[in-house]
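Enquirer: Sequence first, predicted model second:
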Amino acid sequence: MKPFPALLKVIFRNYYGISAMKQKYLVEKKELWQPILAAIGLGVGGVFVFSLVMLFANALYNAGKMLGEPGIVLVFSSLTVAFITFIFDIGTTISTFYFAQDNALLAALPLKPLQVIAARFSLVMVNQYLTQAVLLLPALIVFGLGEGLGILYIILSALIFLLFPALPLAPAAVISILLMSRTGSRRMKDIFTILSYVLIIAFVMGIQFFMQSLPQGNELSSLQSMIEVHGALLTEIGQSFPPAIWVTKSLALAGSGEGLLNLAFFLLLTASLIALMLYLGEKYFYRGLSAGEEVAKKRRLTNSGKNVWKASSLFKALVLREHRLFIRTPVFLMNVLPVAIIVPIFAVLPLLAQGEMFQFGDIGEYLIKYPYLKLSIVAFMTFVAGTLPLSPSALSREGKLFSLSQLIPVSPRKQVQAKFCYILTVNFVCTLPLFALSVFLLHLTWADTLLLAVLALAVAAVVTALGIVIDLTRPQFDWEDPQRAVKNNLNVLFIGLITLLLLVVMGGISVGLAIIAPWWLGYAVLLLLNTAASAGIYSWMLTLAEKKYRQYEL
Amino acid sequence: MIELIGITKSYAKGNVKAVDDVTLTVKPGEIFGFLGPNGAGKTTTIKIIVGLLQPDFGSVRVAGSDMLKDTITVKRSIGFVPDQPQVYDRLTGSEYLNFLADVYEVPEKVRKERLEHLLQLFGIQDAVRDLVQSYSHGMKQKLVLTGALLHNPPVWIMDEPMVGLDPRSSFLLKDLMAEHCRQGYTVFFSTHILEVAERLCDRLAIINKGKIIACGTLDEINEHHEKETLENIFLELTE
């Protein structure tokens, strides 16, 4: 095999863990339910999201058609894909190009930097197809069906679908290469990771605010009327990013001279951007790589008046380790903190957008009349705690360094106790903004606040202990990218599902209690039940830790 | 001080025996060299001694305690240096060392004296407040060494400890190992550098395909094999 195809093959195999998966699922035939469950989950979720976007694309197409501009759906979709990819993937390209674990190995091989860049760029491109399948494919389908276009349209659509990610990705890669050649360091990666998350949050919140501002029940027709009013504006925006227009015209006018010319523009621009990226990659890639090899700064111990070697208790040392590794790994931090900020905003935003702020006081009075309804605040808090990925990655986050935890002379029981306390605190703290908002808006009394807080803490303890039990049962230590320990970890999905199940069960018990018992008795029963459950699961977690810590072989 | 009795460890559902019925005794005051070709079972044996792997059969005793029954006591008596320096990248050197000092319960005064001595010895005192992710491979190795020795363990277990060290640090480590044994303690280390084993070790063992194929002082091994150098013996035995 020639060097480049061989490189491509090994990079894809390594990234997706294809060899490890083959060994596990096909040779050893272990945990076959995992890929099946993942495929079902992805399939169901994918079909759901795809259907929603199809509806949206159809509304856009109809609105455009009425204006005599049916191609507006393609302009809008390609613009969205280009914008999202460009903004969010600068961080991804930096990460994929410069912080891959095999860079040191590849740098020593007789490969040109542009070959390495091209291979890694292909990887980012392929990952991008998933986003495109959701955002661009529905528009292509809706437009093709609506206009009754034939085989040439399908071929051209496939070509554009395959090449389109390069258009925003190549400039993102160029920026990454130039940035890293000047200031290449691990800190830059962290900054971009945080920046990407902030942009994602802002984007999601913007979408949420936009959707909430549409009249309820008439979202699609409102969207159509909006396009009718602002249709020309969208075309103007499209003109400020000509490739969106080229793509649209090359498809809409497929087979004609103008269509061919627009396709040629698109292909030429894409090729030029890739060529620029490869040229800069050849020139600056290794400079950026070596800039990442920082040399320690000299900071003499004696110059700081602080006692560096301060002793702590064993428990404090374990908790501090958890805390430092959590807050200093941006991927971990940014998978947790935004939830605490976003959820309360999402809870209030729909009401604010509809000008229903005045009703909060009324709801407060309603709660006084029906005290059991206050439990919905606890349910909301539990849901937040269940979506946080900390407990189901309690051990996984340590990765290959878990062997250090196996080496130290501290019983697994104590180590897991420290993890539990720290994670429970973070989980509970993350639900506090939502709780504080409820207390403020619904005018809850101090007694209610305290009662609900205690109950929420008891349920959070159940969810936290269950999350750690799941991670003890199937930890994911083998990762290079910390994202795999939290976001791409099936344990997070499992604890989410279990939390939903728990909420259903607790909801059922609450309804039952509401029928037969006064609220104070119902609260007492629920508190007792959750305390007993958390104590039982906590004890199970500690026993399991003692057994499992010895068995992991890294 | 270290006693392995009939240790066996298999992988791939018992099809591959990484360590096959290994029995060894390392006495107090001994530097014990553990040699063998790549994949012979050295690292697996060492991981079993320090408690990172559980043997399928056999028992391990370190400093008079059984690893399976009295794990925490055994771990306290060991200072372990793995073949790859494994340190938390997101902690500073001092945070990492403080964490180890806390979990090994080293009093503040003792840790201060001992760490300042070790850090100066290995020449990393000026980098200790920086994040470990900024360290070179050699600096990480020195940090791991410092961490392994800071609680003054009676038994040192080291897997290729000289790899990544500069000549000066390597020399210092050998000196420390010799001094440790003069105090009546034990050093068990694996190496591929036969000259080091020849010069430093009181006794050594050669492992191949999971089995101990030679064990004793250099003279005792020489007697059996009638070769002049350890290199020749090693080559003959592991052929």
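Expert: Noted; the coordinates are in hand.

Enquirer: Indicate the residue of chain B located nearest to chain A.
Expert: With C-beta to the nearest C-beta as the measure, residue B:102 is the residue of chain B nearest to chain A, at 3.4 Å. The way it works is simple: take the backbone N, C-alpha and C, and place the C-beta from them, glycine included.

Enquirer: Same question for that residue, what's its three-state structure.
Expert: Counting by DSSP: H, G, I helix; E, B strand; the rest coil, the backbone at residue B:102 sits in helix.

Enquirer: now residue A:308
Expert: Classified using three-state DSSP, residue A:308 is coil.

Enquirer: which residues pair with the residue nearest the centre of chain B across the strands?
Expert: Centroid check for chain B by C-alpha atoms, centre = their mean gives residue B:158 as the closest residue, at 1.5 Å. Counting by DSSP bridges, residue B:158 forms beta bridges with residue B:81, residue B:189.

Enquirer: gap between the residue of chain B closest to chain A and residue A:323?
Expert: According to C-beta to C-beta, to the nearest Å, residue B:102 stands 14 Å off from residue A:323.

Enquirer: now do residue A:522
Expert: As judged by C-beta to C-beta, residue A:522 and residue A:323 stand 37 Å apart.

Enquirer: Those two: which has the busier surroundings?
Expert: Set residue A:522 next to residue A:323 and count neighbours by other C-beta atoms under 10 Å in any protein chain shown: residue A:522 wins out with 21 against 14.

Enquirer: tell me the pLDDT at the more buried one?
Expert: The model reports residue A:522 with a pLDDT of 89.

Enquirer: you'd agree it is up against residue A:374?
Expert: No: when contacts are counted by C-beta atoms under 8 Å, residue A:522 is not listed as touching residue A:374 (10.7 Å).

Enquirer: buried set for stretch B:63-76?
Expert: Under the neighbour-count criterion of 16 or more other C-beta atoms under 10 Å in any protein chain shown, stretch B:63-76 has B:63, B:65, B:67, B:70, B:71, B:74, B:75, B:76 buried.

Enquirer: Please work out how many residues are found near residue A:251.
Expert: When neighbours are counted by other C-beta under 10 Å, residue A:251 registers 26.

Enquirer: before we move on, back to that, ok, which of the buried residues of stretch B:63-76 also contact chain A?
Expert: With C-beta under 8 Å from any C-beta of the partner chain as the criterion, these include B:71, B:75, B:76 near chain A.

Enquirer: pretty sure the last one is touching residue B:153, no?
Expert: Yes: judged on C-beta under 8 Å, residue B:76 makes contact with residue B:153 at a distance of 7.3 Å.

Enquirer: per-residue confidence averaged over stretch A:66-86?
Expert: Across stretch A:66-86, the average pLDDT comes to 83.

Enquirer: Which neighbouring elements make contact with the helix or strand harbouring residue B:179?
Expert: Element membership of residue B:179, judged by DSSP states H and E, is helix B:167-182. Using 3 or more C-beta pairs under 8 Å, 6 or more residues apart in numbering or on different chains; DSSP states H and E as the contact test, the elements touching helix B:167-182 are strand B:31-35, helix B:108-122, helix B:137-149, strand B:186-190, helix B:194-200.

Enquirer: Select, out of the ones you listed, the one closest to residue A:106.
Expert: Among the helices and strands packed on helix B:167-182, helix B:137-149 comes nearest to residue A:106, with 17.8 Å by C-beta to C-beta.

Enquirer: Flag the shaky bits of chain B, pLDDT-wise.
Expert: Chain B contains residues with pLDDT under 70 at B:12-14, B:226-227.

Enquirer: residues making contact with stretch A:70-82?
Expert: A:57, A:60-61, A:63-64, A:131-132, A:135-136, A:138-140, A:142-143, A:146-147, A:164-165, A:167-168, A:227, A:231, A:234-235, A:237-238, A:241, A:243-245, A:247-249, A:251-252 (C-beta atoms under 8 Å, 6 or more residues apart in numbering or on different chains).

Enquirer: Contacts made by the helix holding residue B:179 with the rest, please.
Expert: With contact meaning C-beta under 8 Å, 6+ apart, helix B:167-182 is reached by B:29-31, B:121-123, B:138, B:142, B:145, B:149, B:156, B:161-162, B:165, B:186-187, B:189, B:196, B:200, B:202.

Enquirer: got it, and stretch B:53-69?
Expert: A:550-551, A:553, B:1-10, B:14, B:19, B:21-23, B:44, B:47-49, B:51, B:73-74, B:77-78, B:154-155.

Enquirer: centroid residue for chain A?
Expert: Short answer for chain A (C-alpha atoms, centre = their mean): residue A:487, at 6.2 Å.

Enquirer: Residue A:309 is in contact with the residue of chain B closest to chain A, correct?
Expert: No: here residue B:102 lies out of contact with residue A:309, judged by C-beta under 8 Å, at a distance of 10.3 Å.

Enquirer: Compare these two (neighbour count), which wins?
Expert: Shown here are residue B:102 and residue A:309; by other C-beta under 10 Å, residue B:102 has more neighbours (24 against 21).

Enquirer: Show me what from the stretch 301-450 of chain A comes close to chain B.
Expert: So the stretch 301-450 of chain A meets chain B at A:301, A:304, A:308-314, A:316-318, A:320-321, A:324-325, A:328-329, A:400-401, A:403-404, A:406-411 (C-beta under 8 Å from any C-beta).

Enquirer: what's the angle between the helix holding residue B:179 and strand B:31-35?
Expert: Here helix B:167-182 runs at an angle of 120 degrees relative to strand B:31-35 (axes from the mean of the first three to the mean of the last three C-alpha atoms, to 10 degrees).
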